[in-house]
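In: Would you be able to build a 3D model of this:
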Amino acid sequence: MDDATQYRIYKLIEANPEINQRELARELGVSLGKVNYCLKGLIAKGAVKTRSFCNNKNKASYLYLLTPQGIEDKAWVTVQYLKRRMQEYDDLREEIAALQREIKDKDKAAR
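Out: Numbers count the residues shown, from 1 in each chain. The predicted structure follows:
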């Protein structure tokens with residue numbers, strides 16, 4: 001699981017521990033199977049724990065909770081995610097500047 005997906009799962013669970021896997025999948029824009037796989041990995045890692053509760057008489061649901069290790073891991077993943085996004089931003093700014101220079105050079109040559 002990549003940092004971006006892990007970061008977003010942590011963030012969604014922290015904001016809404018009662019979120020179900022279908023809602024997570026919809027929010028993340030991924031398949032239900034991928035969410036299930038990721039959650040199982042986070043549970044096996046000790047970052048997330050589940051508690052069963054009944055939200056109605058016919059259907060059991062889970063409450064997803066970040067463990068102390070999960071909170072620590074979320075902080076680390078957040079830093080990594082932020083570093084990567086900042087690098088992408090810097091790279092994009094450089095690419096835009098290069099394209100702007102190219103357009104100016106072509107305009108000058110056309111005159």
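In: Quick check: phi and psi at Y62.
Out: phi -120, psi 150 (degrees, to the nearest 10).
In: Need the residues that contact the helix or strand where S52 lies.
Out: According to DSSP states H and E, S52 maps onto strand 48-54. When contacts are defined by CB atoms under 8 Å, 6 or more residues apart in numbering, strand 48-54 is touched by residues 13, 39, 42-43, 60-67, 70. No exception for glycine: its C-beta is placed from N, CA and C like everyone else's.
In: quick one: low-confidence ranges for this protein?
Out: The chain contains residues with pLDDT under 70 at 53-60.
In: re the thing from before, farthest pair within the contacts of strand 48-54?
Out: A60 and G70 (22.3 Å; CB to CB).
In: which one of the two has more residues nearby?
Out: G70 (22 against 9; other CB atoms under 10 Å).
In: so the more buried one touches G46, yeah?
Out: Yes. Using CB atoms under 8 Å, G70 is in contact with G46, at 7.5 Å.
In: Overlap in contacts, the two.
Out: Common neighbours of G70 and G46 (CB under 8 Å, 6+ apart) do not exist.
In: quick one: I9 and L63, what's the gap?
Out: With distances taken as CB to CB, to the nearest Å, I9 is found 15 Å from L63.
In: Now, of the contacts of strand 48-54, which are buried?
Out: 13, 39, 42, 61-62, 64, 66, 70 (16 or more other CB atoms under 10 Å).
In: among those, which are in strands?
Out: The strands, defined by DSSP state E, take in 61-62, 64, 66 from the buried ones among the contacts of strand 48-54.
In: Tabulate those (JSON lines), appending distance to K34.
Out: Listed next are those as JSON lines, based on distance: CB to CB, whole Å:
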{"residue": "S61", "distance to K34": "20"}
{"residue": "Y62", "distance to K34": "17"}
{"residue": "Y64", "distance to K34": "16"}
{"residue": "L66", "distance to K34": "20"}
